[in-house]
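1. need a 3D model of the following:
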Amino acid sequence: MTVLRLIHTAAALVAAGSLAGTLWTGLADRGDALAFGLLITVGELTRWSDEQARQAAPLGAAGSLSYALLGAVAGRPSEHDAAQVVTVVLVAALLGAVPHIWSGRAPTTDHLARRILTVGFAAVCFQPLYNTGVFTAWDGSAYALLLLTLLALTSLCGTVLAAALAHCRTGRPFGPLLREEVRGLLGIGSAVVATGAVMALAVAVAGLWALPVFCLPLLLVQLSVRRYAAVRATYRQTIASLARATEIAGCTPAGHARRVAALGLAVGRDLGLTGPELTVLEYAALMHDIGQLSLVDPVPAGATAALPAAEQRRIALLGGAVVRQTGVDPAVAVVVERQADPWPEQPLAARIVRAVNAYEEQSRGAGPEGALRALEELRLRTAGDYAPEVVESLARVLARPHAARERVPVRRPGWSDPAPGWVTHG
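-> Below is the predicted model:
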């Protein structure tokens, strides 16, 4: 938590210093500040978050960065400095965050700290040099390349900050989180960088009327991505409904598949799985028991971990055959089919599903002592049945402070992947 306090303290100092400096010198180019402040506020109002509370406000980010790199307005040199940039972004972000804070939909402190530090970095790199005339002789192509370079560096700083904040909040390894943030930067992040640069260049030539014109494409992209996320969320709900067929038929206890998926995702993140790998893991965990629907005699309490190895493999193969008929990614069927194989021959996702399923079956309804005994039983069987790295990862996940009650978020695939709620294990 030292890193978290350091980031928040640095952001607070930058914000306080910028606000004091702006109050002391006064607000320059008030019309420009009002226009960009309004744009950033609208962008923050449309913000949403994913299951790790990462904030997604592409329009607000593009507006903030374009104002930080604004050198002229309709051919007239701007007079604002870096402190004013941070102040305007701070006030606009706070105004846009009011509905989010009021409804409690998403935490704001981390998002605001990241926004202040990244915008402050861009403004400090650009505004002092521009105001002293360093870039006066630069031609159009060189000036545009300068803006893109500064925006790329700022985005990289933002990804590092986002990964560090997520690491502090969730306890997940920093490396996989950073890779996940970089993948996001290559997606919608590239649109934010391009829009920020284009708006700064367009306002320099055409004036403030360029803002609504050039922010419209990003708004359309944002709308398309949100709709795509909704489609994927509906697809995930379909998979979850299919997985509940074993519960409705009385083959497995209520909530078993959901608990295995939730805890399996936490283990997968701890082991460094990201993106599509986590989606495959979640779908396979949800449908790992679907082969029991093909059995004539149901397994008592649906506890397959206690069955002979040959019977486990038969049920796994039956489940894989059902999954292949649903049209789900074939990789999901492979994980379901191979969950009962010897662990050295399994893909990582199958190892996770097998270990987490056994833990959930053995600890279910047994209280804290039963959970400890189940984990110890898995450790004793790492020689042949369960992968040692998966069992140790499971122990780490269960030992984290935020998992004291085994409250693990259930992931809903999509661009921002919002979590629908919490489930309780054991």
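
2. strands of the stretch 1-150 of the chain, start to end?
-> Read by DSSP state E, counting those that start in this stretch, the stretch 1-150 of the chain holds these strands, from start to end of the chain: 48-49, 55-56, 72-73, 76-77.

3. the third one pairs with which strands, and in what direction?
-> Translated: strand 72-73. The strands that strand 72-73 pairs with in its sheet are strand 76-77 (antiparallel) (by DSSP bridges).

4. residue ranges with poor pLDDT in the stretch 1-150 of the chain?
-> Within the stretch 1-150 of the chain, the stretches with pLDDT under 70 are 1, 48-55, 104-107.

5. actually, the stretch 251-400 of the chain.
-> Low-confidence segments of the stretch 251-400 of the chain, defined by pLDDT under 70, are located at 365-368.

6. hey, where'd the strands end up in it?
-> For the stretch 251-400 of the chain, none of the segments meets the definition of strands by DSSP E, counting those that start in this stretch.

7. number of residues surrounding Leu307?
-> Counted with other C-beta atoms under 10 Å, the neighbours of Leu307 add up to 15. Yep, even glycine has a C-beta here, placed from its N, CA and C like the rest.

8. surely it and Val299 touch.
-> Yes: when contacts are counted by C-beta atoms under 8 Å, Leu307 is listed as touching Val299 (6.7 Å).

9. who touches both of the two?
-> Contact criterion C-beta atoms under 8 Å, 6 or more residues apart in numbering; residues bridging Leu307 and Val299 by contacting each: Ile315.

10. where's Val225 relative to Leu69, distance?
-> Summarising the geometry, the distance separating Val225 from Leu69, computed by C-beta to C-beta, to the nearest Å, is 25 Å.

11. check Leu153 too.
-> For Leu153, the distance to Leu69 (C-beta to C-beta) stands at 11 Å.

12. and if you look at Val336?
-> Computed as C-beta to C-beta, the Val336 to Leu69 distance reads 50 Å.

13. so between the two, which is more surrounded?
-> Val336 (32 against 27).

14. got a list of what the more buried one touches?
-> Ala284, Met287, His288, Ile290, Gly291, Ala316, Gly319, Gly320, Val323, Val353.

15. quick one: which of those residues sit in helices?
-> By the criterion of DSSP state H, membership of the contacts of Val336 in helices covers Ala284, Ala316, Gly319, Gly320, Val323, Val353.

16. any chance of these in a markdown table, plus distance to Phe214 and neighbour count?
-> Putting those into a markdown table (distance: C-beta to C-beta, whole Å; neighbours: other C-beta atoms under 10 Å) gives the following:
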| residue | distance to Phe214 | neighbour count |
| --- | --- | --- |
| Ala284 | 43 | 32 |
| Ala316 | 54 | 24 |
| Gly319 | 51 | 27 |
| Gly320 | 50 | 22 |
| Val323 | 46 | 26 |
| Val353 | 47 | 31 |
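
17. how about JSON lines for those, with distance to Pro77 added?
-> As requested, the ones in helices among the contacts of Val336 are arranged in JSON lines below (distance: C-beta to C-beta, whole Å):
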{"residue": "Ala284", "distance to Pro77": "59"}
{"residue": "Ala316", "distance to Pro77": "69"}
{"residue": "Gly319", "distance to Pro77": "68"}
{"residue": "Gly320", "distance to Pro77": "67"}
{"residue": "Val323", "distance to Pro77": "63"}
{"residue": "Val353", "distance to Pro77": "61"}
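
18. and which of these is nearest to Ala82?
-> Using C-beta to C-beta, the shortest approach to Ala82 within those belongs to Ala284, at 49.8 Å.

19. residues near the nearest residue to the closest one once chain neighbours are set aside, how many?
-> Using C-beta to C-beta, 6 or more residues apart in numbering and skipping residues adjacent in sequence, the residue nearest Ala284 is Val335, 3.7 Å away. Summarising burial for Val335: neighbours were counted as other C-beta under 10 Å, giving 30.

20. I'd say Val335 and Arg351 touch.
-> No: contact between Val335 and Arg351 fails when scored by C-beta under 8 Å: they sit 9.5 Å apart.

21. hmm, back to that, how about a markdown table for the contacts of Val336, with distance to Leu273 added?
-> Supplementary listing: the contacts of Val336 in a markdown table, determined by distance: C-beta to C-beta, whole Å:
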| residue | distance to Leu273 |
| --- | --- |
| Ala284 | 12 |
| Met287 | 18 |
| His288 | 16 |
| Ile290 | 22 |
| Gly291 | 24 |
| Ala316 | 21 |
| Gly319 | 21 |
| Gly320 | 20 |
| Val323 | 19 |
| Val353 | 12 |
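
22. and Arg179, what is it in contact with?
-> Thr274.

23. looks to me like it is in a strand.
-> No: per DSSP: H, G, I helix; E, B strand; the rest coil, Arg179 lies outside any strand segment and is helix.

24. ok, it to Arg232 distance?
-> Here Arg179 is placed at a distance of 21 Å from Arg232 (C-beta to C-beta).

25. before we move on, what about Gly133?
-> 50 Å.

26. which of these two has more residues huddled nearby?
-> The neighbour comparison of Gly133 against Arg232 (other C-beta under 10 Å) goes to Arg232, with 16 against 9.

27. give me the neighbour count for Leu6.
-> Number of residues near Leu6 (other C-beta under 10 Å) recorded here: 12.

28. and it, how close does it get to Ala12?
-> 11 Å.

29. quick revisit: looking at the contacts of Val336, spot the one nearest Leu378.
-> Closest approach to Leu378 among these (C-beta to C-beta): Val353, at 13.3 Å.

30. just to check, that closest one is in contact with Gln339?
-> Yes: using C-beta under 8 Å as the test, Val353 is close enough to Gln339 to be in contact (4.9 Å).

31. so what's in contact with these two at the same time?
-> Both Val353 and Gln339 are in contact with Ala284, His288, where contact means C-beta under 8 Å, 6+ apart.

32. for the protein, what's the longest helix?
-> Every helix in the chain considered (DSSP H), the longest is helix 210-243.

33. ok now stretch 66-80, how far from the chain's centre?
-> Between the mean C-alpha point of stretch 66-80 and the mean C-alpha point of its chain there is a distance of 33 Å (C-alpha atoms, centre = their mean, to the nearest Å).

34. and that stretch, how far apart are its ends?
-> Here the two ends of stretch 66-80 are set 13 Å apart, with distance taken as C-alpha to C-alpha, to the nearest Å.

35. can you check stretch 66-75 too?
-> With C-alpha to C-alpha as the measure, the first residue of stretch 66-75 is 16 Å from its last.
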